[in-house]
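Colleague: 3D model of this:
(one chain, ligands or ions: 2)
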Amino acid sequence: MIFKALFQQLLTKPVTNCFPAKYMPKSVVGFLAKVEKGEAKLTPPVPVTEGFRGRIAYDREKCIGCQLCIRVCPARVIEFKPEEKKIRMYVARCTYCAQCVDVCPVGALSRSQDFLLADYDRFSPDLIVE
Ligand code: SF4
Ligand code: SF4
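Modeller: Residues are numbered from 1 along each chain as shown. Ligands and ions are numbered 1, 2, ... in the order given. Presented below is the predicted three-dimensional model:
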(Lines give C-alpha, C1' and ligand atoms only; values in the text may rest on other atoms or scores of the structure.)
(Ligands and ions follow the chains in the order given, each with its own letter.)
Protein backbone atom coordinates (compact mmCIF):
# COMPACT_ATOMS: atom_id res chain seq x y z
CA MET A 1 0.00 0.00 0.00
CA ILE A 2 2.71 2.44 1.00
CA PHE A 3 4.71 1.59 -2.12
CA LYS A 4 1.68 2.31 -4.29
CA ALA A 5 1.31 5.78 -2.69
CA LEU A 6 5.03 6.40 -3.07
CA PHE A 7 4.92 5.45 -6.73
CA GLN A 8 1.93 7.73 -7.32
CA GLN A 9 3.79 10.61 -5.71
CA LEU A 10 6.73 10.06 -8.04
CA LEU A 11 4.45 10.46 -11.05
CA THR A 12 2.45 13.40 -9.70
CA LYS A 13 3.37 16.98 -10.55
CA PRO A 14 4.16 19.17 -7.52
CA VAL A 15 1.25 21.33 -6.37
CA THR A 16 3.52 24.12 -5.20
CA ASN A 17 4.84 26.84 -7.45
CA CYS A 18 8.49 27.75 -7.72
CA PHE A 19 9.41 30.86 -5.77
CA PRO A 20 8.92 33.82 -8.13
CA ALA A 21 12.39 35.09 -8.92
CA LYS A 22 11.22 38.66 -9.18
CA TYR A 23 11.01 38.66 -5.37
CA MET A 24 14.44 37.18 -4.78
CA PRO A 25 16.90 39.26 -2.74
CA LYS A 26 19.21 41.48 -4.76
CA SER A 27 22.10 39.24 -3.71
CA VAL A 28 20.85 36.59 -6.13
CA VAL A 29 22.46 38.43 -8.97
CA GLY A 30 23.76 35.42 -10.84
CA PHE A 31 20.33 34.11 -11.65
CA LEU A 32 18.90 37.51 -12.51
CA ALA A 33 21.85 38.23 -14.79
CA LYS A 34 21.01 35.01 -16.65
CA VAL A 35 17.41 36.17 -16.95
CA GLU A 36 18.57 39.42 -18.50
CA LYS A 37 20.60 37.50 -21.05
CA GLY A 38 17.60 35.30 -21.83
CA GLU A 39 19.31 32.18 -20.44
CA ALA A 40 16.78 31.68 -17.61
CA LYS A 41 13.09 32.41 -17.13
CA LEU A 42 11.23 34.10 -14.28
CA THR A 43 8.43 32.10 -12.68
CA PRO A 44 5.26 34.19 -12.61
CA PRO A 45 3.83 34.69 -9.11
CA VAL A 46 0.77 32.68 -8.05
CA PRO A 47 -2.24 34.92 -7.31
CA VAL A 48 -3.26 34.99 -3.66
CA THR A 49 -6.78 34.06 -2.58
CA GLU A 50 -9.55 36.55 -1.80
CA GLY A 51 -9.36 37.83 1.79
CA PHE A 52 -5.64 37.07 2.01
CA ARG A 53 -4.03 38.72 5.03
CA GLY A 54 -0.89 40.34 3.73
CA ARG A 55 0.92 43.42 4.95
CA ILE A 56 -1.54 45.97 6.30
CA ALA A 57 -1.85 48.91 3.92
CA TYR A 58 -2.36 52.39 5.34
CA ASP A 59 -4.07 55.29 3.57
CA ARG A 60 -2.82 58.24 5.60
CA GLU A 61 -5.06 60.70 3.75
CA LYS A 62 -8.15 58.89 5.05
CA CYS A 63 -6.81 58.53 8.60
CA ILE A 64 -8.49 60.81 11.17
CA GLY A 65 -6.12 59.94 14.01
CA CYS A 66 -8.76 58.35 16.24
CA GLN A 67 -6.26 55.75 17.57
CA LEU A 68 -8.80 52.92 17.67
CA CYS A 69 -6.39 50.71 15.75
CA ILE A 70 -3.78 51.26 18.45
CA ARG A 71 -6.24 50.19 21.14
CA VAL A 72 -7.19 46.90 19.48
CA CYS A 73 -3.77 45.84 18.20
CA PRO A 74 -2.67 42.89 20.36
CA ALA A 75 0.94 43.04 19.19
CA ARG A 76 1.62 46.75 19.80
CA VAL A 77 2.47 47.29 16.17
CA ILE A 78 1.05 50.77 15.88
CA GLU A 79 2.22 54.01 17.44
CA PHE A 80 0.63 57.42 17.28
CA LYS A 81 2.39 60.44 15.81
CA PRO A 82 0.74 63.28 17.76
CA GLU A 83 2.36 66.06 15.75
CA GLU A 84 0.68 64.80 12.55
CA LYS A 85 -2.28 62.97 14.11
CA LYS A 86 -1.32 59.94 12.02
CA ILE A 87 0.05 56.48 12.81
CA ARG A 88 3.22 54.48 12.21
CA MET A 89 3.21 50.66 11.97
CA TYR A 90 6.13 48.36 12.69
CA VAL A 91 5.26 45.49 10.39
CA ALA A 92 7.87 43.11 11.83
CA ARG A 93 5.68 42.77 14.95
CA CYS A 94 2.38 42.27 13.10
CA THR A 95 0.45 39.02 13.43
CA TYR A 96 -1.91 39.88 10.53
CA CYS A 97 -4.98 39.44 12.67
CA ALA A 98 -6.58 42.40 10.84
CA GLN A 99 -8.38 43.69 13.95
CA CYS A 100 -7.09 47.15 13.10
CA VAL A 101 -8.68 46.87 9.64
CA ASP A 102 -12.03 45.87 11.13
CA VAL A 103 -12.08 48.65 13.71
CA CYS A 104 -10.94 51.59 11.58
CA PRO A 105 -14.02 53.80 11.14
CA VAL A 106 -12.88 55.38 7.89
CA GLY A 107 -11.36 52.42 6.04
CA ALA A 108 -7.83 53.79 6.23
CA LEU A 109 -6.40 50.30 6.85
CA SER A 110 -6.74 47.32 4.56
CA ARG A 111 -5.22 43.93 3.88
CA SER A 112 -2.77 44.03 1.00
CA GLN A 113 -1.55 41.04 -0.99
CA ASP A 114 2.03 41.74 -0.06
CA PHE A 115 3.50 38.79 1.84
CA LEU A 116 7.21 38.73 1.12
CA LEU A 117 8.44 40.66 4.11
CA ALA A 118 11.58 38.87 5.26
CA ASP A 119 14.38 41.28 6.12
CA TYR A 120 17.54 41.30 8.21
CA ASP A 121 16.56 44.62 9.76
CA ARG A 122 13.20 44.80 11.53
CA PHE A 123 13.31 48.60 11.23
CA SER A 124 14.06 48.65 7.51
CA PRO A 125 11.91 51.10 5.50
CA ASP A 126 10.11 48.14 3.90
CA LEU A 127 8.83 47.11 7.33
CA ILE A 128 7.59 50.49 8.47
CA VAL A 129 4.25 51.76 7.24
CA GLU A 130 3.35 55.41 7.80
S1 SF4 B 1 -3.10 43.18 11.80
FE2 SF4 B 1 -3.35 42.79 14.02
S3 SF4 B 1 -1.25 42.73 14.79
FE4 SF4 B 1 -1.14 43.68 12.77
S5 SF4 B 1 -1.29 45.87 13.14
FE6 SF4 B 1 -3.37 45.16 12.79
S7 SF4 B 1 -4.20 44.70 14.83
FE8 SF4 B 1 -1.96 44.84 15.02
S1 SF4 C 1 -8.33 53.49 13.34
FE2 SF4 C 1 -8.10 54.27 11.25
S3 SF4 C 1 -8.55 56.45 11.41
FE4 SF4 C 1 -8.17 55.73 13.48
S5 SF4 C 1 -5.96 56.14 13.79
FE6 SF4 C 1 -6.15 54.02 13.06
S7 SF4 C 1 -5.89 54.19 10.84
FE8 SF4 C 1 -6.33 56.25 11.59
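Colleague: alpha carbons only for contacts and neighbour counts from here, please
Modeller: Fine.
Colleague: ligand 1 contacts on the protein?
Modeller: Taking CA under 6 Å from any ligand atom as the criterion, the chain approaches ligand 1 at residues 72-75, 77, 94-100.
Colleague: of those, buried ones?
Modeller: 72-73, 77, 94, 96, 98-100 (16 or more other CA atoms under 10 Å).
Colleague: adding pLDDT and secondary structure, write these out as JSON lines.
Modeller: As requested, those are exported to JSON lines (pLDDT from 0 to 100; DSSP: H, G, I helix; E, B strand; the rest coil):
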{"residue": "72", "pLDDT": "98", "secondary structure": "helix"}
{"residue": "73", "pLDDT": "97", "secondary structure": "coil"}
{"residue": "77", "pLDDT": "97", "secondary structure": "coil"}
{"residue": "94", "pLDDT": "96", "secondary structure": "coil"}
{"residue": "96", "pLDDT": "94", "secondary structure": "coil"}
{"residue": "98", "pLDDT": "94", "secondary structure": "coil"}
{"residue": "99", "pLDDT": "97", "secondary structure": "helix"}
{"residue": "100", "pLDDT": "97", "secondary structure": "helix"}
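Colleague: now these as TSV including distance to residue 120?
Modeller: Listed next are those as TSV, based on distance: CA to CA, whole Å:
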residue	distance to residue 120
72	28
73	24
77	18
94	16
96	20
98	24
99	27
100	26
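Colleague: could you dump these to JSON lines with distance to ligand 2?
Modeller: Listed next are these as JSON lines, based on distance: CA to the nearest ligand atom, whole Å:
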{"residue": "72", "distance to ligand 2": "9"}
{"residue": "73", "distance to ligand 2": "10"}
{"residue": "77", "distance to ligand 2": "11"}
{"residue": "94", "distance to ligand 2": "15"}
{"residue": "96", "distance to ligand 2": "15"}
{"residue": "98", "distance to ligand 2": "12"}
{"residue": "99", "distance to ligand 2": "10"}
{"residue": "100", "distance to ligand 2": "6"}
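Colleague: good, wrapping up.
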